[in-house]
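> below are the sequence and a predicted model; questions follow.
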Amino acid sequence: MKIKSATYSLSGVKAEQYPTTGLPEIALVGRSNVGKSSLINALLNRRSLARTSSQPGKTQTANFYLINEAFYLVDLPGYGYAKTSKVERARFSSLVANYLENRETLRLVLQVIDLRHPPTALDQDMFRYLHDLRRPRVVVANKLDKLKRSVVEKHQRQVLANLSGLATQDLILFSAATKQGVPELWQAVGTALQKE
Ligand code: GTP
Ligand code: MG
């Protein structure tokens with residue numbers, strides 16, 4: 001996909017604050033610090049459009065980025081951040097749950113995980129949750145650059161074994177640092193946007 005324009009639109013914490021343009025949305029979910037905001041920057045080839053941080057819990061609102069005046073990338077708060085309340089840690093924030101359950105313009109969810117480690121219990125919960133909601137999704141296994149080439153396949157198999165029902169073609173190995181996987185991810189986004 002050719003990026004003609006990418007701009008930050010708005011941030012919100014509830015539906016009334018979200019865009020009312022009706023344009024389709026591609027949302028990112030995943031553990032805090034897994035690299036969701038970095039992934040947005042890598043996709044858009046922009047250094048710091050989406051705010052990133054080595055401190056987990058950076059993104060606390062739903063942040064909407066308008067791409068090519070045609071669709072939004074939506075950066076959602078991460079889950080599993082130890083310093084948030086117990087209730088939030090147990091599952092996903094109500095912001096994330098409300099968005100995923102109710103947002104009509106949502107076309108595809110990018111579930112971001114860390115390829116260095118097997119999916120966590122929360123990753124597995126999210127995966128099943130998206131399945132139950134019948135939300136189209138791809139799993140993006142980030143931080144590929146941190147693995148030795150010789151162990152990548154083993155880690156890939158571990159992801160597939162731990163997220164049951166995940167098809168190989170719905171798993172994209174990715175690195176926000178080296179931009180590996182960017183073309184494959186745009187391909188998945190493009191396909192989702194073409195579907196009604
Ligand atoms: P929250 O907003 O807290 O939910 O986190 P996030 O998922 O948006 O993570 P963020 O993009 O802020 O990245 C967290 C840290 O991981 C930062 O220090 C990034 O530089 C680093 N990081 C993200 N992606 C990669 C990657 O592919 N490779 C490497 N080596 N580091 C990465
Ligand atoms: Mg973030």
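Nice, thanks for sending it over. Numbering: from 1, shown residues only. Ligands and ions are numbered 1, 2, ... in the order given.
> from here on, contacts and neighbour counts on C-alpha atoms
Noted.
> residue at max distance from the center of this protein?
Computed with Cα atoms, centre = their mean, the maximum C-alpha offset from the centroid of the chain is found at residue 150, amounting to 26.2 Å.
> confidence score at that one?
Per-residue confidence (pLDDT) for residue 150: 98.
> again with the one 3 residues further on
Residue 153 carries a pLDDT score of 97 in this model.
> am I right that it sits in a helix?
Yes. Counting by DSSP: H, G, I helix; E, B strand; the rest coil, residue 153 is located in a helix.
> residues near it, how many?
Neighbours of residue 153 under the rule other Cα atoms under 10 Å: 10.
> looking at the protein, which strand is longest?
Longest strand of the chain, by residue count under DSSP state E: strand 106-114.
> what helices or strands is that one leaning on?
Applying 3 or more Cα pairs under 8 Å, 6 or more residues apart in numbering; DSSP states H and E, we find strand 106-114 packed against strand 25-30, strand 137-142, helix 182-194.
> show me what that strand is in contact with.
24-31, 34-36, 100, 119, 123, 127, 135-143, 189, 192-193 (Cα atoms under 8 Å, 6 or more residues apart in numbering).
> and stretch 6-17, by the same measure?
Contacts for stretch 6-17 (Cα under 8 Å, 6+ apart): 18-19, 44, 49, 61-68, 95, 99.
> just stretch 116-126 next, same as before
By Cα under 8 Å, 6+ apart, stretch 116-126 touches 30-31, 79-80, 91, 113, 143-144, 146-147, 155, 158-159, 162-163.
> among these, name the buried ones.
Buried subset of the contacts of stretch 116-126 (neighbour count, 16 or more other Cα atoms under 10 Å): 30, 31, 79, 80, 113, 143, 144, 155, 159, 163.
> which SSE is immediately downstream of the least confident helix or strand in the chain by mean pLDDT?
When each helix and strand of the chain is scored by mean pLDDT, DSSP states H and E, helix 86-90 comes last, with a mean of 51. Following helix 86-90 in sequence order, the next helix or strand is helix 94-102 (DSSP states H and E).
> which of the contacts of stretch 6-17 sits closest to residue 170?
residue 44 (20.9 Å; Cα to Cα).
> enumerate the residues of this structure near ligand 1.
Counting by Cα under 6 Å from any ligand atom, the residues of the chain close to ligand 1 are 32-38, 52-54, 56-59, 77-78, 142-143, 145-146, 175-177.
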